[in-house]
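Participant: This is a predicted model, with the sequence first.
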Amino acid sequence: MNVIDENGNTVPNQESKRVLAGVLAILIGSIGVHKFILGYTKEGIIQIIVSIITCGFAGIIPFIEGIIYLTKSDEEFIQTYQVNQRGWF
């Protein structure tokens, strides 16, 4: 399913990214892999830095994000994280 963003551009099929990003966020989210998969390089680097500074305690944030990714419908996920480019939660 393709979605049209606010500029009239087509956003390609992203359903498989939802599951992959969700599972990786839950399993190894503290290294920010899920952010890089979604194309959020800046947020991925921030996640890595925060995890290093807090000795991994910031891993609760990607765990919660993974659950959010997996519980959203494909349409909600695409609209929120691909079309609107929402980097956090």
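Facilitator: That came through, no problem.

Participant: For the protein, give me the ranges with low pLDDT.
Facilitator: 1-15, 89 (pLDDT under 70).

Participant: which stretches of it form helices?
Facilitator: 15-28, 33-37, 41-53, 60-71, 74-77 (DSSP state H).

Participant: Can you check which of these gets nearest to residue 83?
Facilitator: Nearest of those to residue 83, taken as Cβ to Cβ: helix 74-77 at 9.9 Å. Just so you know, the C-beta spots here come from the backbone N, C-alpha and C atoms, and that holds for glycine as well.

Participant: returning to what we had before: any idea which of the helices of the chain is most buried?
Facilitator: Most buried of these by mean neighbour count (mean count of other Cβ atoms under 10 Å) is helix 33-37; its value is a mean of 20.

Participant: Quick one: closest of the helices of the chain to residue 88.
Facilitator: Minimum separation from residue 88 across the helices of the chain (Cβ to Cβ) falls at helix 41-53, 6.6 Å.

Participant: Who are the packing partners of that closest one?
Facilitator: Applying 3 or more Cβ pairs under 8 Å, 6 or more residues apart in numbering; DSSP states H and E, one finds that helix 41-53 contacts helix 33-37, helix 60-71.
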